[in-house]
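Colleague: Give me a model of this one.
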Amino acid sequence: MSYEIEIKKIKHHLSYEKDYYQKVKQLDALRFFYKENEKDKDRIIYNSEKDELEYSNSIKVAIQITQLVPKVLKFVDNPNQKQEIVTIMKNNYYYLAGYLFSYYVIAIEFGIPPEKQFFAPRTSVLGPISRKLDKFYYKPKAVMTISMPQGTGKTELGKRFMSFCIGKAPDLPNMMVSYSATIAKDKFYQGEITLIEDENGNFQKIFPNLKNVLKSAENMTLDYRDDEKKKPHSEYTLYCCGFDGGITGRTRAHNVLYIDDLIKNIEEARNKDVLDKKWEEFTGTLKKRMQGNCKMLIIGTIFSINDPLSRIIKYYKTRAPKRIEVVRVPRIKWKQSN
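Modeller: Numbering: from 1, shown residues only. The predicted model follows:
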């Protein structure tokens, strides 16, 4: 089938189409043919010269649809047509969610009651951060630090981003590290399973090809590799661990190394010996686990200029300023968003 011919026809119809309902349907068909025509090509790439993402045509049209539909619904009176348009919008969100985290955090909550949603009530603060994470994911060797007040959903944001990483590239190993092995197991390991196996089926709709997981609660590993080997070894789709339990074995991160709150509380933050020890563990052990174009994401609370997060920012700003992006969310901004 010649997709180019179909694409040309639809673009011609769109040039004079006035009916909003038909326009959305034609755009959805255009996105489909663009997607089929792109086949295995990269749909999003990072342009290092411009420091921005470049989208394929199918991604561009899907974004256009999600932006257009809320406006179109105001002009469509037929309830059946409205429902069809809403379905088209949701399907395009699912499509984009497989490539962009900023769409993933929205689509993963489809069907969840508003009072139980994490992202929607925090959109004013987390929306801009999620879009920064879009670029971060595609930028080789990128480093991003996100400083947020305690109790503002740092861990939930990190869990969602790592579940996106698992679905996007299940064959690439990731690591999640916290100050505590208990936190790593109860919040990260179990949390990732809950997100991926969500009862609404959103994750499966976003990443329908992800299957055949090997779980180990004892080792806190999830393995979704589709390499037909499926035998335990030192690298998994996700390995969770805590600083207090030690980072053992030959585990490496090739996709994302995610660090969550290396400091437990203000008492630890005031202990110089603890701070120095954790910094030594970061530079001597943790950082060396990154392989190839692996990226590093650190989400936590800055307690002082001597805590690990502050030192990490200073380290990369001094040695590799083009690699790091620093995001700070002050408490006053967070309060204003809730």
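Colleague: most centrally placed residue in this structure?
Modeller: Central residue of the chain (Cα atoms, centre = their mean): F161, 3.2 Å from the mean position.
Colleague: Which residues are in contact with it?
Modeller: 101, 133, 256, 258, 297 (Cβ atoms under 8 Å, 6 or more residues apart in numbering). Glycine gets a C-beta too; all of them are placed from N, C-alpha and C.
Colleague: so who does the third one touch?
Modeller: In this case it means V256. 137, 161-162, 165, 174-175, 294-297.
Colleague: Which ones among the residues you listed map onto helices?
Modeller: 137, 161-162, 165 (DSSP state H).
Colleague: what's the closest non-adjacent residue to R311?
Modeller: Leaving aside its sequence neighbours, R311 sits nearest to W279 (Cβ to Cβ, 6 or more residues apart in numbering; 5.5 Å).
Colleague: Could you say which helix or strand holds the one you found?
Modeller: Element membership for W279, per DSSP states H and E: helix 272-281.
Colleague: I'd like the average pLDDT over that helix.
Modeller: Averaged across helix 272-281, pLDDT comes to 86.
Colleague: got it, and stretch 218-227?
Modeller: Here the average pLDDT along stretch 218-227 is 84.
Colleague: Just checking the distance from it to the centre of its chain.
Modeller: Stretch 218-227 sits 19 Å away from the centroid of its parent chain (Cα atoms, centre = their mean, to the nearest Å).
Colleague: Show me the protein divided up by domain.
Modeller: Taking automatic domain parsing as the reference, the chain has its domains at 3-97, 118-337.
Colleague: just those domains: most buried one?
Modeller: Sort those by mean neighbour count, taking mean count of other Cβ atoms under 10 Å, and domain 118-337 sits at the top with a mean of 17.
Colleague: Can you say which helix or strand has the nearest residue to L68 once chain neighbours are set aside in it?
Modeller: Once flanking residues are discounted, L68 sits nearest to V24: 6.6 Å by Cβ to Cβ, 6+ apart. Taking DSSP H and E as the definition, one finds V24 inside helix 20-38.
Colleague: contacts for that helix?
Modeller: Where contact means Cβ under 8 Å, 6+ apart, the residues beyond helix 20-38 that reach it are 3-4, 6-7, 10-11, 13-14, 17, 56-58, 61-62, 64-65, 68-69, 72, 75-76, 78, 81, 84-85, 88, 91-92, 95.
Colleague: Just the ones of those in helices?
Modeller: For the contacts of helix 20-38, the ones inside helices are 3-4, 6-7, 10-11, 13-14, 57-58, 61-62, 64-65, 68-69, 72, 81, 84-85, 88, 91-92, 95, with DSSP H as the criterion.
Colleague: re the thing from before, show me the two of the contacts of V256 that sit farthest apart.
Modeller: Maximum pairwise distance in the contacts of V256, criterion Cβ to Cβ, is 15.5 Å, between Y137 and M175.
Colleague: from the chain's centre, how far out does stretch 85-92 sit?
Modeller: The chain centre lies 21 Å from the centre of stretch 85-92; the measure is Cα atoms, centre = their mean.
Colleague: likewise stretch 173-182?
Modeller: A distance of 17 Å separates the centroid of the chain from that of stretch 173-182, by Cα atoms, centre = their mean.
Colleague: and what of stretch 305-323?
Modeller: Averaged C-alpha coordinates place stretch 305-323 at 23 Å from its chain's average position (Cα atoms, centre = their mean).
Colleague: you'd agree L126 is up against S102?
Modeller: No - look at L126 against S102 with Cβ atoms under 8 Å: they stay out of range, at 9.5 Å.
Colleague: Secondary structure of L222: a helix, I assume?
Modeller: No - the assignment for L222, made by DSSP: H, G, I helix; E, B strand; the rest coil, is strand rather than a helix.
Colleague: Surely it is in contact with Y189?
Modeller: Yes - counting by Cβ under 8 Å, L222 touches Y189, with 7.5 Å between them.
Colleague: Could you pull out the residues contacting both of these two?
Modeller: L238.
Colleague: before we move on, what SS does the closest residue in space to D171 that isn't next to it in sequence have?
Modeller: Closest residue to D171 apart from its sequence neighbours, by Cβ to Cβ, 6+ apart: R225 at 5.2 Å. Classification of R225 using three-state DSSP returns coil.
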